[in-house]
Each structure stands twice: as structure tokens, then as C-alpha cells.
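> The amino acid sequence is not available; the structure is as follows:
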């Protein structure tokens with residue numbers, strides 16, 4: 001007799017298949033939602049990152065314009081030839097067409113103390129600049145702001161909307177080389193660069209900003225960064241293409257996500273590592289641009305001052321000696337005029353290489369502007385600083401007198417100041433500057449140590 005089983009059938013093949021199918025669908029749905037959320041987050045991060053890069057690009061461009069203007073505003077000869085004596089040929093060769101051709105400015109100019117133009121030089125392709133219109137639409141206000149600025153250069157940079165478009169205007173007073181203060185009569189240099197399609201394309205290529213363009217009004221569905229002038233008004237808008245780093249990857253990834261989940265994890269890891277590596281490289285490039293002099297590779301003015309102030313604070317707190325050395329290449333202008341700016345650049349690089357090869361690791365070397373440099377010497381008193389300065393002076397002079405040298409004869413004047421009690425770093429820099437001018441007044445190609453008459 002056949003036995004009858006009373007054991008209940010809990011599962012059937014169909015029910016198991018259905019259950020597995022639903023589990024598979026739920027798993028696939030969960031993974032799909034997770035992947036979608038993950039890639040949406042990546043897109044969101046990429047959008048935020050790209051906007052930050054646009055802001056950084058504009059900030060670096062403004063700083064670059066300020067640095068260029070500072071080089072000429074600190075030059076006493078520039079003031080003499082544009083305001084006092086008005087040498088038309090000198091202006092064209094040094095601050096007029098020369099700057100326009102070299103740095104791509106649309107116009108450069110100088111403003112007399114009575115707020116009238118000493119000269120206005122414009123690019124050939126640029127429409128003539130109406131100085132009165134420029135003053136009425138923001139330049140006059142920027143000049144006022146330079147007087148309220150507490151920076152060393154007193155330079156102000158802002159956007160101004162003119163009839164033919166938006167300009168990045170940089171203005172600053174002429175600075176006395178000796179006192180490091182604005183000239184008493186308040187004359188000014190002004191440089192202007194139009195934010196046209198060519199400049200925007202250059203920024204787009206340099207900083208990897210896809211589809212960057214300037215428009216009068218924001219465009220629907222596109223990211224936007226308004227360009228604000230000194231009064232808080234919007235002069236124009238920058239827009240760029242929406243970043244979609246997952247475009248084209250996501251559909252293929254979703255097609256194989258279930259069967260190749262492990263492979264997907266590896267792929268995501270590779271993408272993230274690559275993105276992280278690219279970001280690190282980009283940040284290194286930005287840091288290099290923000291802290292180093294483009295020609296010589298040494299610290300720029302701002303970074304040198306930041307690092308030196310930190311050293312100054314540490315040494316002052318611990319009652320340790322610190323010296324500052326100011327160096328200025330003698331008659332460097334004549335090298336540019338006689339041999340050309342390319343030779344002048346080679347001369348600057350040669351000088352920096354000599355200095356770097358003779359500096360300790362702890363010593364801070366920077367380019368202050370033009371042919372003027374500075375070195376901060378930790379744990380160094382006046383005697384050792386003077387010996388170090390004399391060694392640099394001799395090495396430069398001997399290197400260019402060598403018969404194998406392709407450079408013209410070069411010498412350097414050096415001023416040194418050390419840190420007495422109750423002194424500010426700015427005062428110490430000024431003391432070194434005073435010693436530098438003593439070296440120049442005493443015949444150049446020499447080292448002078450600042451001697452405070454109060455301590456005699």
C-alpha cells in the first residue's frame with residue numbers, strides 16, 4: 001500500500017522562482033538607486049568644484065594684474081617719465097604699447113594729481129577710451145578706495161561696465177621707492193583689460209573651465225557667477241557648461257551592475273582615485289601660481305612676506321637673532337634697454353640661481369618686485385649676514401666677468417637689517433631698504449648694514 005505523506009508543501013518550484021525573481025529585482029533596484037544616488041552626488045560635487053575653480057581663476061587673474069601694476073607703481077622712474085617730465089617715447093616703450101602687447105591690456109594710463117589723464121594708451125583693436133566716461137562709471141570711486149586700502153601697494157582691482165563691455169580695472173598710486181608710501185601728490189597708474197571672448201577662452205583653457213563665456217544676463221539651466229563692481233552692481237555674468245562626469249558611463253554601468261558588482265566596485269575605486277589625483281595635481285598647480293614668481297620660480301612678494309613674518313614672530317618670542325637682506329641689481333634697466341628683455345630675464349634667473357645655491361634650507365628667498373629681491377636669514381646676526389651678502393655680491397660679479405659668460409656684467413647692492421628689541425617686521429624691512437639705498441648712494445656694488453642712530 002502506498003503511504004500518504006502528510007508533510008505540508010511549504011515551497012514549490014514556482015514560488016521559489018518567483019521569490020528569487022523578486023529578490024533579484026529588489027536587489028537590482030536597490031543597487032540601481034544606490035548607483036544613481038552616488039553618481040548624482042558626484043555630479044553635484046563636480047558642479048560645486050567647477051564653480052570654485054571659476055572663482056579661483058578670477059582671483060588669480062586679479063592678483064596677477066595687481067602684481068604687474070605694483071611693479072610699475074614702485075618704480076620712481078615711471079613716475080618721473082609719466083607725471084613729472086612726460087616722456088612720450090619712454091611711455092610707449094615701457095608702460096604704453098609695451099604693456100599692451102606683452103600682457104594683453106586693452107588700455108593703460110596715468111592720472112595726474114588733478115584727476116586729468118597724463119596719457120591713455122589703447123590697443124589698436126580697442127575703441128578709444130573716453131576718460132571722463134570711465135571716471136564717472138567707477139574709476140573715480142576706485143581711486144578713492146585706494147586711499148582707504150591698508151595694503152602695502154594700495155592697489156584696487158574691480159570690474160567696470162563700459163559701453164563696449166565689462167573691463168577688469170586695476171588702479172594704484174605711485175609709490176615712493178624710498179619711503180614705500182604713496183607719492184604726496186597722489187598720482188595714479190591705471191590698467192584695463194576687457195573681458196572679451198578671447199580672454200575668456202584663454203581662462204577656459206588655462207584653468208580647464210569647459211564652455212566658459214561672459215553674458216549680459218544669466219542663462220536658464222546653466223551655472224552662473226555674477227561679476228560685481230565696486231558699488232555692488234552686477235556688470236555681467238560668467239556661465240559655463242554643466243559638469244556631467246558620469247555621462248555615457250552610467251548606462252553601461254547599470255547594464256552590468258548585477259553580474260559584475262565586484263568589477264563595478266573596482267571601477268568606482270579607480271575613478272575616485274583618479275579624480276582625487278587630478279584634484280591634488282590641480283591644487284598643487286594653483287598653489288604654485290599663487291606663491292611662486294613665474295619667471296624665477298622663487299617666492300613671490302606676498303608669500304615671502306607671509307613666511308618671513310612667521311619666522312620673525314618665532315624668533316622674537318624666543319629671543320633669537322634674525323636678519324633681513326634686501327638686494328637690488330645695479331643698473332638693471334640698462335640691461336633691458338641695451339640687450340633686450342629676454343636677456344634681462346636670463347640675468348634675473350642667473351642671479352636667483354646664484355642665490356639659491358648659496359642659501360641654507362631655512363633661509364627664505366623672494367622677489368619683491370622688478371629687480372629687487374629679499375632674503376630672510378634665521379638665527380643670523382649682522383656680522384654673519386654681512387659675510388653672506390658679501391659672498392653673494394662677489395659671486396655675482398665674478399660669474400658675469402668670466403670669459404665664458406654670455407651675460408653682461410652685473411653687480412648687486414645689498415642692504416641688511418637685524419632684529420633689535422621692540423621692533424615690527426615692517427620696520428625691519430624698511431631699515432633694510434634704508435641700508436640698501438645707502439649702498440646705492442655710496443657707489444653701488446657693496447653691502448651696507450643698517451645702523452640705528454638711536455642705539456649709537
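Here it is on my side, so go on. Remember, predicted model here, so these are calculated numbers, not experimental data.
> Could you pull up the residues touching residue 122?
Applying C-beta atoms under 8 Å, 6 or more residues apart in numbering to residue 122 gives the contacts 100, 106-107, 128-129. Just so you know, the C-beta spots here come from the backbone N, C-alpha and C atoms, and that holds for glycine as well.
> any idea which of those is closest to residue 331?
residue 100 (26.4 Å; C-beta to C-beta).
> Could you tell me how far the closest one is located from residue 129?
12 Å (C-beta to C-beta, to the nearest Å).
> And for residue 23?
74 Å.
> Give me the common contacts of residue 100 and residue 129.
107, 122.
> picking up where we left off before, in ChimeraX, select just the buried ones from the contacts of residue 122.
Buried members of the contacts of residue 122, defined by 16 or more other C-beta atoms under 10 Å, are picked up in ChimeraX with:
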select :100,106,107,129
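> possible to save the contacts of residue 122 as TSV with distance to residue 311?
Shown next, in TSV, are those (distance: C-beta to C-beta, whole Å):
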residue	distance to residue 311
100	40
106	41
107	41
128	50
129	45
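> any chance of the contacts of residue 122 in TSV, with pLDDT and distance to residue 36 too?
Shown next, in TSV, are the contacts of residue 122 (pLDDT from 0 to 100; distance: C-beta to C-beta, whole Å):
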residue	pLDDT	distance to residue 36
100	90	52
106	91	48
107	93	52
128	82	57
129	83	54
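> Show me the two of the contacts of residue 122 that sit farthest apart.
Spanning the widest gap among the contacts of residue 122 are 100 and 128, at 13.6 Å by C-beta to C-beta.
> Quick check: phi and psi on residue 96?
phi -100, psi -110 (degrees, to the nearest 10).
> Apart from its chain neighbours, what residue comes closest to it?
Among residues not flanking residue 96 along the chain, residue 121 sits closest, at 3.6 Å (C-beta to C-beta, 6 or more residues apart in numbering).
> go on, residue 367?
Sequence neighbours aside, residue 293 is the residue nearest to residue 367 in space, at 4.5 Å (criterion: C-beta to C-beta, 6+ apart).
> the helices in the stretch 1-150 of the chain, which residues?
13-73, 76-79, 88-94, 97-103, 131-134, 140-148 (DSSP state H, counting those that start in this stretch).
> swap that for the stretch 151-300 of the chain, sorry
So, for the stretch 151-300 of the chain - with DSSP H, counting those that start in this stretch - the helices run 197-206, 249-256, 261-291.
> The helix or strand following the last one relative to helix 13-73, how many degrees between them?
It stands for helix 261-291. Where DSSP states H and E defines the elements, the next helix or strand beyond helix 261-291 is helix 301-317. Going by axes from the mean of the first three to the mean of the last three C-alpha atoms, to 10 degrees, helix 301-317 is angled at 90 degrees with respect to helix 13-73.
> what mean pLDDT does helix 301-317 have?
For helix 301-317, the mean pLDDT works out to 93.
> what packs against the following helix or strand past it?
Per DSSP H and E, the first helix or strand lying C-terminal to helix 301-317 is strand 322-329. When contacts are defined as 3 or more C-beta pairs under 8 Å, 6 or more residues apart in numbering; DSSP states H and E, strand 322-329 packs onto helix 301-317, helix 341-357, strand 372-378, helix 382-401, strand 412-418, helix 425-441.
> Partner strands of the third one and their direction?
The strands beside strand 372-378 in its sheet (DSSP bridges) come out as strand 322-329 (antiparallel), strand 364-369 (antiparallel).
> how far is the longest one from where the chain is centred?
From the chain centre to the centre of strand 322-329 is a distance of 23 Å (C-alpha atoms, centre = their mean, to the nearest Å).
> Likewise for the shortest one?
Taking the mean C-alpha point of strand 364-369 and that of its whole chain, the gap between them comes to 15 Å (C-alpha atoms, centre = their mean).
> List the contacts of that strand.
Contacts for strand 364-369 (C-beta under 8 Å, 6+ apart): 70-71, 74, 293, 296, 298-301, 303-305, 307-308, 311, 326, 352, 355-356, 359, 373-376.
> Give me the buried entries from those.
So, by 16+ other C-beta under 10 Å, the buried ones in the contacts of strand 364-369 are 70-71, 74, 293, 296, 298-301, 303-305, 307-308, 311, 326, 352, 355, 373-376.
> where does the stretch 251-400 of the chain have low pLDDT?
Within the stretch 251-400 of the chain, the ranges that satisfy pLDDT under 70 run 251-278.
> Which segments of the protein make up each domain?
If you go by automatic domain parsing, the domain ranges for the chain are 53-221+227-238, 301-451.
> Quick one: end-to-end distance for stretch 180-188.
15 Å (C-alpha to C-alpha, to the nearest Å).
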